[in-house]
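Novice: Predicted model and sequence follow; I will ask about them next.
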Amino acid sequence: MHGDDMMKVRIRYFASLREKMQSEYGEYELGENPTVRDLQRKIEEQNPGIFGGSRVLISVNYRYAEPEDRINDDDEIAVMPMASGG
């Protein structure tokens, strides 16, 4: 894939993920027509063990996203650990 086919997305980390990343924001390059699953894989690929085996929630434009949901250039994306409770 050529550089022209790549899309750069900016994401915002919350809670323990922000602490692990030592940053509130991250940027990733994804291929054509990326999905939420593609983004999650890219985050894990560039930051091995970042999720520590825990599930995370990814929101796109303030709505919880499904793995197969598409990501667009101007989307606002947030990544947060899934809350645990009992």
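Specialist: Great, that's in hand.
Novice: report the longest helix in the chain, please.
Specialist: Criterion DSSP state H: the longest helix present in the chain is helix 36-46.
Novice: From M82, how far off is G52?
Specialist: Using C-beta to C-beta, to the nearest Å, we find G52 at a distance of 12 Å from M82. (C-beta placed from N, C-alpha, C; glycine too.)
Novice: cool, I43 as well?
Specialist: Note on I43: its distance to M82, by C-beta to C-beta, is 15 Å.
Novice: So which of these two has more stuff around it?
Specialist: When I43 and M82 are compared for neighbours, I43 comes out ahead with 20 against 10, by other C-beta atoms under 10 Å.
Novice: Can you name the residues that contact that one?
Specialist: The neighbours of I43, taking C-beta atoms under 8 Å, 6 or more residues apart in numbering as the test, are I11, G26, Y28, I50, F51, V79.
Novice: what's the answer for Y62, then?
Specialist: So, once contact is read as C-beta under 8 Å, 6+ apart, Y62 ends up touching E76.
Novice: same question, S23
Specialist: With contacts defined as C-beta under 8 Å, 6+ apart, S23 is in contact with Y13.
Novice: Please apply the same query to P34.
Specialist: Contact analysis of P34 by C-beta under 8 Å, 6+ apart lists M7, V9, R70, I71.
Novice: quick one, the host helix or strand of the second one and helix 36-46 angle?
Specialist: In other words, V9. Of the helices and strands defined by DSSP states H and E, V9 is found in strand 7-13. Relative orientation of strand 7-13 with respect to helix 36-46: 80 degrees, computed using axes from the mean of the first three to the mean of the last three C-alpha atoms, to 10 degrees.
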